[in-house]
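Q: give me the fold of what follows.
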Amino acid sequence: MNRPEHRPLSRRRFVSTAAVTAATATAAGTTLWTASSATAWAGPSPTSAAHTDAGDGADPYEAAVRAAAMVWRRLPTGWQEGPFLANGLLGAQLYAGKTANTLTLMLSHTQVQDQRGQWRGGIGYSRLPIGYFTLTLRGNITSVDWTLDLYDAELRGTVTTTAGSVAFTALVQNDSSALLVSTRPSAGEEDSAWTFQWLPAATTRTSGKPPEYTPNPDPEIGRGSVRYVQQPLLAGGGWTTAWRERRVGTGRLLAAHLVYRHPGDVSEATREARRAVERTLSADLDELLARHRGWWHRYYRRSFLSVPDKRLQAFYLAQLYKLAASTRSGGPTISEWGPWFPEVGNNWTAVWWNLNVQIGMAPIHGSNHPELDSVTSTFARFEKNLPTSVPAPYRDGESYALGHPSDWQLRAGDTYDVGAPGSSHVSDNFGNLTWAMHNVWQAYQHSLDRTILRDVLFPVLTKAINFYAHFLHEGPDGKLHLLETRSPEYANAADCTYDLSLIRWGARTLIEVARILRTDHPRARVWQDIATRLTPYAEDPADGVLIGKGVPLAESHRHHSHLLWLYPLRERTWDRPADRDVMRRSMAHWVSMQQLWHGYSYATASSMYSVMDEPEKALDHLTFFTDLKVVADCAMTVNTMYREGKNFALESPLSAAQSMLDMAVQGHDGVVKVFPSVSSRWPDASIASLRTPGAFLVDADRSGGATRWVRVHSEAGAPLTLQHGIKGEITVRDQRGRPLPWRETTPGRISVRLPRGATALVTPRGGRAQEGPRDVPSTGAWTRWGLPS
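A: Take a look at the predicted model:
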């Protein structure tokens, strides 16, 4: 396929041309850093001219992402408004300090947690606060001009005070996890400097907090050329925050590192953190910047999505930035706060598996970012911890469950288990693990990498379904019925739709996986029996599928748990006319009561309407949420974060990125659909390298309300049925322009045989495709994210 290549960085792109006094600092005869590469880095980006339409020949990938930059013309007051940086581990947020002449740079880390497993995960394995840097200025702050450049993953700007101004640039370096902040003051603010304040290492969660809970001890404060705060844990180990601020002339460069160790000796964390600071300050800053920017630039070039609503396009790109900032394959998967920490904390101090991870991580597959798949890697690494969530009578070595909240190693607490259906301990945790396995199944479907099935999905899903099988029984009707469970956050019910849908999906998937892997399994007959005889969902003639047997959805409910069969499991599909009635009735009833909906309710409803061929309703629900509407005291914030009350949560905006992907391309039951749910309000759209099940990469262009061309690249040689959306007669050619054999299966759908590595180009008869994607024209003025005015 003809895809744009990443252009190499030149020095002038990351070093300001502003005149700065040349100076060097040396240690043991080694050049450390120069004024031009350290203090001048705090100048404005010379690439800001790319914030224009890509129609002038600019690279559309770079232009689109730079145009999505967030801006601040007012001083943000906290995490709900401020810019944020991270690399999947270390996080930072910048906002107003406690006094009129200070800024707060909150520091956080995805691995920093307690290790007291005698309590449930939200307490015993709680994320812990670290502390914050304070920039103290001589004058009071009067104005700010900041830009969070998503393309470079850097925050740049100026703080103006009553005494002068300070220009700065900040980033969390991608591969070293160094926090780097360069400051360049004007006359009057030469003495501006950073200090660090640690926060008590105690959980901020109050729900279920035992009376015997005690905070971890206060840290040890270390001074010297590299300063540090060494924080021990009562359970052993701990972490150290180390930093140093170097000065050349009036310019300063702050470098900070955090090292967490458990088990182990916290003093080793201190030694490593201090050495890391010295290595960073001794390194070639130009090289650090080039590696950092190079990774992010390549990241954004893995796929492309452009729509006429530029505020929504910018929102989508901000979610891609947020995902890569939050997690990476092999690292911790997303907690409720990602790598960030709200200064006052809240109750969501760990990893929530009853919906939040599953929907927050959903966009990584369609956006072609398998390098972010921390869900699959988490289960590969920490499967050994799943038996601890199973109640003792069922720890037979063949059953798994997953309690929530857990830590990033799947530990929900040594004394906590999910309970048992039909018992005195019924929780809403029974489906967590099976739903998470659907994310892993999506990883397989989008790549057709059988090692995912062999090493993760098959062994884990087998034991997840085996746990459920303990609680299935044959009824008088000959069907298999489920003992009482709980539909998440709503009500207890026998034959609970939420659990039944996951059991049915799990049994059918295990049968399919065994076929793919060509393996026999002693429980294969059990899976077949479940798939064949599991009882249907309880239904109401008017309102569709119920919560469970005899339990209707009688009031507004934010959770779509009773509709998982519709989305994302897609057990029923709009392509089958016989399924449409129950889909329509069930959806209409849920949507009729929105008083208690939260952000992800609107995002999920949008995706559901997209798979039901309702593009206008899909867009309406998406824009209601992204327009910052407040429902049940919940809303997205100006920096695209999300609050429930005053609590910080991450998953709702991320799931809305999946809503946009569902509008652009879908793949299910062997059919790839291009622009299946694009609103008539979007006459133009352009996509590149969006990934679908079957390991297909899809490029396409829509102009004036019509699809102009579609290009599909096959990575695995899977059978392709393509709903191309082109009106009239078509031509199908390969990547060299040669005709490809194809046949029409139904109107608008064609079957094309594509070997591994081959590409099909579909155009109107005699038409041609452009070489790459385009940033489509905007339909009108739009307001940037952040605080632009």
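Q: hey, let's count contacts and neighbours off CA atoms from now on
A: Noted.
Q: which residues touch the residue nearest to residue 352 when sequence neighbours are not counted?
A: Nearest residue to residue 352, sequence neighbours excluded (CA to CA, 6 or more residues apart in numbering): residue 405, at 4.8 Å. By CA atoms under 8 Å, 6 or more residues apart in numbering, residue 405 lies in contact with 120-122, 350-353, 412.
Q: let me have those in a markdown table, extended by pLDDT, neighbour count and secondary structure.
A: Converted to a markdown table, the contacts of residue 405 look like this (pLDDT from 0 to 100; neighbours: other CA atoms under 10 Å; DSSP: H, G, I helix; E, B strand; the rest coil):
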| residue | pLDDT | neighbour count | secondary structure |
| --- | --- | --- | --- |
| 120 | 96 | 25 | coil |
| 121 | 97 | 29 | helix |
| 122 | 97 | 30 | helix |
| 350 | 97 | 28 | coil |
| 351 | 97 | 30 | strand |
| 352 | 97 | 22 | coil |
| 353 | 97 | 23 | coil |
| 412 | 97 | 31 | coil |
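Q: distance to residue 574 added to those, as a markdown table?
A: Formatted as a markdown table, those follow (distance: CA to CA, whole Å):
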| residue | distance to residue 574 |
| --- | --- |
| 120 | 42 |
| 121 | 40 |
| 122 | 40 |
| 350 | 37 |
| 351 | 34 |
| 352 | 31 |
| 353 | 28 |
| 412 | 38 |
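Q: so which of those comes closest to residue 95?
A: Distance to residue 95 across those (CA to CA) is lowest for residue 350, with 24.0 Å.
Q: for the closest one, what are phi and psi?
A: phi -150, psi -150 (degrees, to the nearest 10).
Q: ranges for the strands of the stretch 101-250 of the chain?
A: Secondary structure of the stretch 101-250 of the chain by DSSP state E, counting those that start in this stretch: the strands cover 102-109, 131-136, 141-149, 154-161, 165-172, 179-185, 193-198, 220-222, 227-232, 238-248.
Q: SS state for residue 71?
A: strand (DSSP: H, G, I helix; E, B strand; the rest coil).
Q: what is the burial count for the closest residue to it other than its chain neighbours?
A: Once flanking residues are discounted, residue 71 sits nearest to residue 147: 4.5 Å by CA to CA, 6+ apart. By other CA atoms under 10 Å, the residues close to residue 147 number 23.
Q: follow-up on the earlier one: residue 310 is nearest to which of the strands of the stretch 101-250 of the chain?
A: strand 141-149 (16.1 Å).
Q: what mean pLDDT does the closest one have?
A: Averaged over strand 141-149, pLDDT sits at 98.
Q: okay, it in CSV with CA atoms only?
A: In CSV, the C-alpha atoms belonging to strand 141-149 read as follows (Å, rounded to 0.1, in the frame of the first residue of the first chain):
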residue,chain,number,x,y,z
ILE,A,141,-0.3,35.8,37.6
THR,A,142,-2.2,38.0,35.3
SER,A,143,-2.6,35.9,32.2
VAL,A,144,-1.5,32.7,30.5
ASP,A,145,-1.0,31.6,26.9
TRP,A,146,-0.5,27.8,26.8
THR,A,147,-0.7,25.2,24.0
LEU,A,148,-0.8,21.4,24.5
ASP,A,149,0.6,20.2,21.2
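Q: and the angle for it with strand 154-161?
A: Here the directions of strand 141-149 and strand 154-161 differ by 170 degrees (axes from the mean of the first three to the mean of the last three CA atoms, to 10 degrees).
Q: that older thread, among the contacts of residue 405, which two are most distant?
A: 120 and 353 (14.0 Å).
Q: and residue 479, how far from residue 535?
A: 5 Å (CA to CA, to the nearest Å).
Q: same check, this time on residue 523
A: In terms of CA to CA, residue 523 sits 20 Å off from residue 535.
Q: look at these two and report which has more neighbours.
A: Each of residue 523 and residue 535 has its neighbours counted (other CA under 10 Å); residue 535 has more, 20 against 13.
Q: which ones are touching that one?
A: 479-481, 495.
Q: just the ones of those in strands?
A: 480-481 (DSSP state E).
Q: could you dump the contacts of residue 535 into a markdown table with neighbour count and pLDDT added?
A: Shown next, in a markdown table, are the contacts of residue 535 (neighbours: other CA atoms under 10 Å; pLDDT from 0 to 100):
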| residue | neighbour count | pLDDT |
| --- | --- | --- |
| 479 | 17 | 98 |
| 480 | 21 | 98 |
| 481 | 22 | 98 |
| 495 | 28 | 98 |
